[in-house]
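> I would like to see how this sequence folds:
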Amino acid sequence: MLKNMGTVDRVLRLFIVIVFAVLIIVGLVKGAGLIVCAVIGAYLFFTSLFSFCFLYTIVGIHTLRTKSGVDD
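Below is the predicted model of the structure:
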């Protein structure tokens, strides 16, 4: 699996995951909202963990840059 996510993208996704987790733990999100936050949070977590976003592949986006600053 090729990587298609840059560092900034990964950090932003992990920040959103942390926000969702806090909202769920504190109890501000309940019912269907809890399920939606959990599913989106899990997707964001695993995409940032593996540096690969399936949706980016479909759309043709990649935020990963090489050391020379040019896309692969």
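> what about the helix or strand where residue 48 lies, distance to the chain center?
Using DSSP states H and E, residue 48 maps to helix 32-50. Offset of helix 32-50 from its chain centre (CA atoms, centre = their mean, to the nearest Å): 8 Å.
> average pLDDT across the very next helix or strand once past it?
Next in sequence after helix 32-50, counting helices and strands by DSSP H and E, comes helix 54-59. Average pLDDT, helix 54-59: 91.
> Ok, stretch 15-26 next?
96.
> Please identify the buried residues of that stretch?
Within stretch 15-26, the residues that count as buried by 16 or more other CB atoms under 10 Å are 16-17, 20, 24. (Glycine included, C-beta is placed from N, CA and C.)
> what do you get for stretch 36-43?
If you call a residue buried by 16+ other CB under 10 Å, then stretch 36-43 has these buried ones: 37, 41.
> May I have it exported as CSV, CA atoms only?
Extracted in CSV, the C-alpha atoms of stretch 36-43 (Å, rounded to 0.1, in the frame of the first residue of the first chain):
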residue,chain,number,x,y,z
VAL,A,36,-21.2,8.8,13.7
CYS,A,37,-18.3,10.3,15.7
ALA,A,38,-16.9,6.8,16.6
VAL,A,39,-17.0,5.6,12.9
ILE,A,40,-15.5,8.8,11.5
GLY,A,41,-12.9,8.9,14.3
ALA,A,42,-11.9,5.3,13.6
TYR,A,43,-11.6,6.0,9.9
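> Assess the claim that residue 37 and residue 20 are in contact.
Yes: in this structure residue 37 lies within contact range of residue 20 using CB atoms under 8 Å: 4.5 Å.
> Mutual contacts of the two, please.
The contact sets of residue 37 and residue 20 overlap at residue 29 (CB atoms under 8 Å, 6 or more residues apart in numbering).
> Could you find the closest non-adjacent residue to residue 23?
Nearest residue to residue 23 in three dimensions, chain neighbours excluded: residue 29, at 4.7 Å (CB to CB, 6 or more residues apart in numbering).
> who touches the one you found in this structure?
Contacts here follow CB under 8 Å, 6+ apart; on that basis residue 29 touches 20, 23, 37.
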